[in-house]
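Participant: what follows is a predicted protein model with its sequence.
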Amino acid sequence: MAEGPATLAGVIRAQAEARGDHPLLVCDGDRLSYEEAERRSAELARGLIALGAGKGTHVGILQPNGSDFVIGMLAAGRIGAVVVPFTTFATVRELRDQLVDGDVAILLSAKAYRSHDYVARLAEVAGGDVSTSERLMRPAVPQLRHVIFDLEHLGRSGAAIGEGLLQASEADVVFADTLAIIYTSGSTSAPKGAVHTHGALLTHQRNLNAVRGLTPDERLFCNSPFFWVGGFGFGLLATLVAGATLICSNAVDAADTLDLLEAQRPTMTNGFVAAVAPLARHPSFADRDLSSMRR
């Protein structure tokens, strides 16, 4: 069994020290290094603590692939809060069902993504404006207390929370504590939330990395969404525990993603066929230099 830090806080602190400014994520024009991920997630973790979050608090993340998702996930996980990712395709009904079923107390949300207006959609879910700084007390979402659309502002709001309290919160988390509840797609029945602990998720990724050869020198292209277990585990967490670089794209035009691949030269790839099939169908595909991808 592969060994390493047993909690998310241990992983990001160790990798920030070991990898420094090495890129953790390249998602189109969005770049995030290991040390930046550690610093920004620590700031946001303090903001979450200032809101009253701590071990066991369910923190939802409604963000597309990118640094905001990564920072939100790290911030919540490192203090023992339970990460609950939401699909960016969620309808009003689906948002309401998962907020209630997942006992989400704090939701870190983008304002919009592509054609989805989450400010309006969440207001419909909750029966009124959710962007207020006041604690929410809405019968439609009885556990939800805060919806945060500005992660940087929340990070700044935690400036009064000292490093000592952050470290103590991290130290109180053990491998058997829940890291995430990741919902199934709901394609064949109602979505179900699968519970994953720190130890199980992190150790499983280390074992799989040893099998597939994902090392710190690799650059993994994975276009799977972070809100499902493929992108969350085999893409994001696998990259994090390896100290490698994750490359992904939210581009609508396949040509833009192919441009990214030629520029960033990933060495490995994995994911769902549906996420990459449009690349192979693009008229320019045959002329692209993708020789860097060995497997």
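Facilitator: Arrived safely, thanks for sending.

Participant: so which residues of the stretch 1-150 of the chain form strands?
Facilitator: According to DSSP state E, counting those that start in this stretch, the stretch 1-150 of the chain carries its strands in the segments 23-27, 30-33, 58-62, 82-85, 106-109, 112-113, 116-117, 146-148.

Participant: now these in a markdown table, with distance to residue 252 and mean neighbour count?
Facilitator: (Each C-beta comes from the backbone N, C-alpha and C, glycine too.) Below are those laid out as a markdown table (distance: least, C-beta to C-beta, whole Å; neighbours: other C-beta atoms under 10 Å):
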| stretch | distance to residue 252 | mean neighbour count |
| --- | --- | --- |
| strand 23-27 | 14 | 22 |
| strand 30-33 | 15 | 16 |
| strand 58-62 | 20 | 26 |
| strand 82-85 | 22 | 25 |
| strand 106-109 | 21 | 26 |
| strand 112-113 | 12 | 14 |
| strand 116-117 | 14 | 14 |
| strand 146-148 | 27 | 23 |
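
Participant: same list (those) but as JSON lines, adding distance to residue 200 and mean pLDDT.
Facilitator: Converted to JSON lines, the strands of the stretch 1-150 of the chain look like this (distance: least, C-beta to C-beta, whole Å; pLDDT from 0 to 100):
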{"stretch": "strand 23-27", "distance to residue 200": "22", "mean pLDDT": "98"}
{"stretch": "strand 30-33", "distance to residue 200": "25", "mean pLDDT": "98"}
{"stretch": "strand 58-62", "distance to residue 200": "18", "mean pLDDT": "98"}
{"stretch": "strand 82-85", "distance to residue 200": "14", "mean pLDDT": "98"}
{"stretch": "strand 106-109", "distance to residue 200": "23", "mean pLDDT": "98"}
{"stretch": "strand 112-113", "distance to residue 200": "30", "mean pLDDT": "98"}
{"stretch": "strand 116-117", "distance to residue 200": "32", "mean pLDDT": "98"}
{"stretch": "strand 146-148", "distance to residue 200": "28", "mean pLDDT": "98"}
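
Participant: residue 213: which of those is closest?
Facilitator: Nearest to residue 213 among those is strand 23-27; the distance by C-beta to C-beta comes to 18.8 Å.

Participant: related to what we said a few turns ago, quick check: which of the strands of the stretch 1-150 of the chain is nearest to residue 275?
Facilitator: Distance to residue 275, taken as C-beta to C-beta, is lowest for strand 23-27 among the strands of the stretch 1-150 of the chain, at 13.6 Å.

Participant: so for residue 177, which of the strands of the stretch 1-150 of the chain sits nearest?
Facilitator: Residue 177 lies closest, by C-beta to C-beta, to one member of those: strand 82-85, at 8.6 Å.

Participant: contacts for the closest one?
Facilitator: Residues from elsewhere that reach strand 82-85 (C-beta atoms under 8 Å, 6 or more residues apart in numbering): 56-61, 69, 72-73, 76-77, 98, 102, 104, 178-183, 193, 226-228, 232.

Participant: switch the cut-off to 7 Å
Facilitator: Under the contact criterion C-beta atoms under 7 Å, 6 or more residues apart in numbering, strand 82-85 has outside partners 56-61, 73, 76-77, 102, 104, 178-182, 226-227, 232.
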